[in-house]
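Novice: Task: produce atomic coordinates for the following.
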Amino acid sequence: MQPGDKMKAELVIHGGKRDGEAFALALHSRIVVGRSPSCDQQLVDEEISRTHFSVEGKGSFFLLTDLQSTAGTLVNGKKIASKILHPGDKISVGPISLEFRVGETAGLKLSANSATLAAEPALASIVVERNFEDGQFALDDGAQDASAAQSAEVVARLRKALQTVYLVGNLIHSEESLDRVCHTIMDVAMETLRPDRGFLVMYDAQEKTLEPVVVRRRRNASGAARTSTRILRAVDDELQLCRPIVLYSVKKGVAVISGAVHPDTGDANSKHIKSAMCVPVRTNTDVIGAIYLDNVDNDAPFAQHQLELLAAIGRQAGLAVQRARLFEDMEGLFYSCVRTLVSSIEAKDQYTHGHSERVTAFAVTIAEEMGLDAETMDNVRLGALLHDVGKIGVAEKILTKPSRLTPEEVKIIRQHPVRGAEILSHIRNIPGVVAAARHHHEMYNGLGYPDGLAGQEIPQTARVVALADAFDAMTSNRSYRRNFDVGEAVSEFTRCSGDQFDPEVCEVMIRLLKDGRIIPCNELFAKGIDVSKSIY
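Specialist: Residues are numbered from 1 along each chain as shown. The predicted structure follows:
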């Protein structure tokens, strides 16, 4: 979701008296959660403080802040002071946890308390049940004595199916992001099989629940005839699937087509489902979810050849999801190692402790606002985190010196971009990251170092990191000067635009500061928040 989009977000409560309830979060507003009845959302438990934490909408993100609670607030198992929330984050306060949801996952559940696999539903509406693990497909729907025309139709159908499976393989196996893999799966399923609605549901082995992660709804552009359609990524009251069919398919590991059913929502007025089909999403060893499609406007029932094609998509999807998860686990391990390295370097100096994490947070926000592509975003994120890695070779007495540096000491400090680039050059396939580390002290007018690059000669990653680095220096606590406030930072960026900094990046930063979407470190410090910890 891009900054400025209208986000629908919520926190879903797990545990306690309000288990299964959800409450909405709104942009540009703040809610307080705690034990006190005066809180916007009350959670009653002795381990929860009277005012435990707050969540504030900041225009393009939601910021969670611990309100100096006794037991602390944990996000994904780690105690935080303040943190930007991301979809799927698990917030723990005492024995109660809350899940943060955004966009199409907000407001969606298979049941009031999430769907579990405890029960095996009996479904009289199921008209086809197949296990395609044996590799047997019958794309002619069982017709043995077909005419020439029918045979030609079957051949055409088979050709289209093979093309689709090939396309699915190419698309979803070329993606490394789990989110993009999931969306691509549903894009292909919707475009190929043309249902009215589609859901990709994933199984959470830890929670033993099934949760919709991608939802599609096909509507015509005018609201009338279905001759011209478009796929919407939407959340509305009618996007509720038939829970028993999904549970049946996942528990038994079979593909099913169902006749007319009503969604298991407890709502007698819910829209009638005229036909539905569901296939398991499986890896080589496990069922990890399901793809569910149904028709609520179209009277035509699904055919067996459509189920077979969806089953093939589901199998490809399972392998792609498994691969994407492996990439994410590897990436997570890599970033953990990087953060450990950076923390060990910054531990030398109390004034720069947490600096690289904050620069990363600012740089990523700027890059998102600029709409940079995914690859550049990754380079900005890692480049900002590692921009000062070259300081590993700088003596501690120079880094922590309270007085003015000598010319010789300045010369040593100014070698850290070159040293950092040399260290990072031993890692393959990260030229954008190396460029950010080497050139983050270049100036737009050509008077920076180490190479005196000017204007567009400076790599874009370095231009973004340079401004984020300068902003953290302006607003961080220093013994030899007072911090800049927002107004002073805006004035400084206005003055230095086109001189020290890229004017485009300056314009974006000034807008983010004025909108309150980037928070200066001195403001966090004034609130008692530990600015040495990442807020993202």
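Novice: Only C-alpha atoms from now on, for both contacts and neighbour counts.
Specialist: Will do.
Novice: which other residues reach stretch 51-66?
Specialist: Residues outside stretch 51-66 that contact it (Cα atoms under 8 Å, 6 or more residues apart in numbering): 2-5, 25-36, 39, 67-69, 72-73, 80-85, 93, 515-517.
Novice: Name the SS class of Gln316, please.
Specialist: helix (DSSP: H, G, I helix; E, B strand; the rest coil).
Novice: got the buried residues for the host helix or strand of Ala437?
Specialist: Using DSSP states H and E, Ala437 sits within helix 431-439. Using 16 or more other Cα atoms under 10 Å as the test for burial, helix 431-439 gives 432-439.
Novice: now stretch 247-263
Specialist: Within stretch 247-263, the residues that count as buried by 16+ other Cα under 10 Å are 247-251, 253-263.
Novice: what's the closest of those residues to Val321?
Specialist: Checking the buried residues of stretch 247-263 against Val321 with Cα to Cα, the nearest one is Val250 at 16.1 Å.
Novice: Surely that closest one forms part of a helix?
Specialist: Yes: counting by three-state DSSP, Val250 falls inside a helix.
Novice: Give the closest residue to it in space, chain neighbours not counted.
Specialist: Leaving aside its sequence neighbours, Val250 sits nearest to Pro280 (Cα to Cα, 6 or more residues apart in numbering; 5.5 Å).
Novice: who touches that neighbour in this structure?
Specialist: Shown in contact with Pro280 (Cα under 8 Å, 6+ apart): 249-250, 253-255, 287-291, 311, 314-315.
Novice: go with 10 Å
Specialist: Neighbour list for Pro280: 131, 201-202, 246-256, 286-292, 310-311, 313-315, 317-318 [criterion: Cα atoms under 10 Å, 6 or more residues apart in numbering].
Novice: again with His441
Specialist: Applying Cα under 10 Å, 6+ apart to His441 gives the contacts 387, 414, 417, 447-453, 458, 462-463, 465-467, 469-470, 500.
Novice: Tell me which of the residues you listed fall in strands.
Specialist: Among the contacts of His441, none falls in strands (DSSP state E).
Novice: so where's the stretch 401-536 of the chain uncertain?
Specialist: 477-482, 521-536 (pLDDT under 70).
Novice: secondary structure class for the residue nearest to Val250?
Specialist: Going by three-state DSSP: Pro280 is strand.
Novice: and it, bridged to which residues?
Specialist: Ala290 (DSSP bridges).
Novice: measure it to Pro431 for me?
Specialist: 41 Å (Cα to Cα, to the nearest Å).
Novice: show me what contacts the residue lying closest to Thr376 once chain neighbours are set aside?
Specialist: Leaving out its chain neighbours, the residue that sits closest to Thr376 by Cα to Cα, 6+ apart is Thr461, at 7.1 Å. Contacts for Thr461 (Cα under 10 Å, 6+ apart) come out as 363, 367, 372, 376-384, 432-437, 439-440.
Novice: and Leu25, what are its bridge partners?
Specialist: Note on Leu25: beta-bridge partners by DSSP bridges are Ala9.
Novice: What residues does it make contact with?
Specialist: Per Cα under 10 Å, 6+ apart, neighbours of Leu25: 7-11, 31, 55-57, 62, 100-102.
Novice: Tell me which of the residues you listed fall in strands.
Specialist: Using DSSP E, these in strands are 9-11, 31, 55-57, 62, 100-102.
Novice: Please tabulate those residues in TSV, including the columns pLDDT.
Specialist: As requested, the ones in strands among the contacts of Leu25 are exported to TSV (pLDDT from 0 to 100):
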residue	pLDDT
Ala9	86
Glu10	90
Leu11	93
Ile31	93
Val55	92
Glu56	88
Gly57	83
Phe62	84
Phe100	90
Arg101	87
Val102	79
